[in-house]
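Participant: Pasting a predicted model and its sequence here:
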Amino acid sequence: MNVIARNKQASHLYFLEDRFEAGIVLRGTEIKAIREGKVNIKDAHVRIKNNEAFIINMHISKYKQANQFNHDETRSRKLLLHKREIVRLGSKIQRENYTLVPTMIYIEKGLCKIEIALAKGKKLHDKRQSLKEKDMQRRMDKAMKDYL
């Protein structure tokens, strides 16, 4: 598994619960640009329309060698999921105020995959608490390293 991009901000802004692996419908120049690492999923999110999942606002830079046949950088791209997963995710989003957030893009066996997570938004005090816990863990690790 070759990890291309990670969304580090997602774990800071959301409580990540369930994770799913999905394929992406891409054009030729898009996959070439992804393999070069020119992709950004920081502002992206997943929306479900008519029992189909789409990733919106994922930025894939233009492929340098593609001349006039290049792709649109921020177009909506279809995600490949099983129908029962899409129905389950759609019901969670509507009833329980969840969001679908992309967390990672990787290439596995020559195919581009995306990991999406079912997430619930954090409040400001939750963000502060997780930063405190992260800082405490970092200090304990440093103290243990210095002690040993």
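Facilitator: On my side now, so go ahead.

Participant: Would you enumerate the residues in contact with the residue nearest the centre of the chain?
Facilitator: Central residue check for the chain by CA atoms, centre = their mean: the C-alpha nearest the mean position is that of residue 102, 1.7 Å away. Residue 102 is in contact with 7, 10, 41, 44-46, 55, 58, 114-117, counting by CB atoms under 8 Å, 6 or more residues apart in numbering. All C-beta atoms are positioned from the backbone trio N, CA, C, and that covers glycine.

Participant: mind listing what's buried in stretch 99-109?
Facilitator: Within stretch 99-109, the residues that count as buried by 16 or more other CB atoms under 10 Å are 99-106.

Participant: same question, stretch 53-68
Facilitator: Those would be 53-55, 58, 60-61, 63, for stretch 53-68 by 16+ other CB under 10 Å.

Participant: For those, work out which two are farthest apart.
Facilitator: Farthest apart among the buried residues of stretch 53-68 by CB to CB are 53 and 63. That separation is 24.8 Å.
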